[in-house]
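Participant: turn this into a structure:
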Amino acid sequence: QDAQRNSSDFSFEETPEQTSEKLKGRTVHEWSKMARNITGRADAMYYEPSENPFFKQIQNVHAKIAPLVKEYIRDNNKKLKKRWLELSEEYVVRKQLYDKRKRRKGSTR
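Facilitator: Purely as a prediction, here's the structure:
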């Protein structure tokens with residue numbers, strides 16, 4: 001049965017609907033094996049993302065995790081900006097101390 005279900009089953013002359021019908025009902029393992037044999041447009045399993053049989057499931061998962069991803073990115077950006085602010089303040093203080101020491105050494109000579 002695996003011999004019947006490989007990427008050579010698909011031809012460039014088939015319509016996307018025909019190709020999509022052949023792809024339905026395959027396991028993740030079968031999809032993985034077929035995907036490894038793709039070399040370009042000539043032997044593509046589908047031409048548009050929406051032709052992927054799992055497109056709706058993928059869209060649903062992305063819609064569910066989108067708020068979590070946005071929150072994670074916002075939190076990381078806040079942490080980064082806070083750290084950059086701390087570093088810039090530290091730089092200013094160290095620069096002032098350095099300049100102060102430099103002036104003292106210059107005046108004692």
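
Participant: quick one, helices of the protein?
Facilitator: Here the chain has its helices, by DSSP state H, at 16-23, 28-36, 55-108.

Participant: need the winner for burial among these.
Facilitator: helix 16-23 (a mean of 14; mean count of other Cβ atoms under 10 Å). No exception for glycine: its C-beta is placed from N, CA and C like everyone else's.

Participant: where does this structure have low pLDDT?
Facilitator: Residues of the chain meeting the criterion pLDDT under 70: 1-24, 108-109.

Participant: report the central residue of it.
Facilitator: The C-alpha lying nearest the average C-alpha coordinate of the chain belongs to residue 69 (Cα atoms, centre = their mean; 11.2 Å).

Participant: picking that back up, mind putting the helices of the chain in JSON lines, distance to residue 43 included?
Facilitator: Shown next, in JSON lines, are the helices of the chain (distance: least, Cβ to Cβ, whole Å):
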{"stretch": "helix 16-23", "distance to residue 43": "10"}
{"stretch": "helix 28-36", "distance to residue 43": "9"}
{"stretch": "helix 55-108", "distance to residue 43": "20"}
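
Participant: right, and those helices - which one's nearest residue 47?
Facilitator: helix 16-23 (5.5 Å; Cβ to Cβ).

Participant: which one of the helices of the chain lies closest to residue 44?
Facilitator: Nearest of the helices of the chain (Cβ to Cβ): helix 16-23, 8.3 Å.

Participant: sorry, back to before: next one: the residue nearest to the centre of the chain from residue 80, what distance?
Facilitator: 16 Å (Cβ to Cβ, to the nearest Å).

Participant: so for residue 48, which of the helices of the chain sits nearest?
Facilitator: Nearest to residue 48, of all the helices of the chain, is helix 16-23, at 7.0 Å by Cβ to Cβ.

Participant: for residue 88, give its distance to residue 82.
Facilitator: Residue 88 is 11 Å from residue 82, by Cβ to Cβ.

Participant: before we move on, what about residue 102?
Facilitator: Applying Cβ to Cβ, the value for residue 102 to residue 82 is 31 Å.
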